[in-house]
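Student: Pasting a predicted model and its sequence here:
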Amino acid sequence: MIINSARIRQYQAMFLSQALLAALGFTPIGGLCLALFGVLPLWFSAIFVVLPAGVLAITLGVLHPQLGKLAASGLVAGIIATAAYDAFRLSFVIIGIWGDFIPVIGRMLLSDASAAPIWGYLWRYVGNGGAMGLTFALLPWRGLRAGMIYGTAICGCLLGTLILAPDTQTALFHLTPVTATTALIGHLLYGATLGWLLRAAPDYTELAK
């Protein structure tokens, strides 16, 4: 009974840590969403929300090494998946069908109209794509199908923000049949890549064994 109780407590602690870490993966995209809705500027969220969340995530990863390894795998997979998305997206930017809105994020982040595009791309790859990959790795679903559903859900949130948040289409890009379709395909590529890269990753039930 003592062994079983200890095992249950270990399982619960792992589950709670994994759930918290998964939630922390959405703080960068959440901060951007709040900025687009005019609730909090992105620089404020970066300093007072995202940075502390990152420190907490690292702490949880150190306290639970197996969990930390899984989270790190998700972060790397998310960055790679974002690159796959951008390989598709930037082809439309080059031919002039879709403007490159990522530098706008960097200007919001630094509150500087002349901020270099690299800051927007850093937020996109590590903060948005990487962190959401971290969250996906900590969910119990695996494979291409799960990844594509995940990517579609993220795209739905993007389209909802573009429709509902004031002036967001002016700041980022105007929603048209072409841009909406391109965004959906890009997110499907992101999700498929993420699902494929993490197809063999363990879930929390395996980690708690």
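Tutor: The structure has been received and is ready for your questions.

Student: By mean pLDDT, flag the weakest helix or strand of the chain.
Tutor: helix 204-207 (a mean of 57; mean pLDDT, DSSP states H and E).

Student: Enumerate every residue touching the residue lying closest to Thr82 once chain neighbours are set aside.
Tutor: Nearest residue to Thr82, sequence neighbours excluded (CB to CB, 6 or more residues apart in numbering): Gly129, at 3.0 Å. For the C-beta atoms, the positions are set from N, CA and C on the backbone; glycine is no exception. Residues in contact with Gly129 (CB atoms under 8 Å, 6 or more residues apart in numbering) are Gly78, Ile79, Ala81, Thr82, Tyr85, Tyr190.

Student: List the ones among those that fall in helices.
Tutor: Gly78, Ile79, Ala81, Thr82, Tyr85, Tyr190 (DSSP state H).

Student: For those residues, give me JSON lines that also has distance to Leu24, neighbour count and pLDDT.
Tutor: What follows is the ones in helices among the contacts of Gly129, written out as JSON lines (distance: CB to CB, whole Å; neighbours: other CB atoms under 10 Å; pLDDT from 0 to 100):
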{"residue": "Gly78", "distance to Leu24": "13", "neighbour count": "28", "pLDDT": "97"}
{"residue": "Ile79", "distance to Leu24": "17", "neighbour count": "17", "pLDDT": "98"}
{"residue": "Ala81", "distance to Leu24": "19", "neighbour count": "30", "pLDDT": "97"}
{"residue": "Thr82", "distance to Leu24": "18", "neighbour count": "25", "pLDDT": "97"}
{"residue": "Tyr85", "distance to Leu24": "22", "neighbour count": "24", "pLDDT": "97"}
{"residue": "Tyr190", "distance to Leu24": "20", "neighbour count": "31", "pLDDT": "98"}
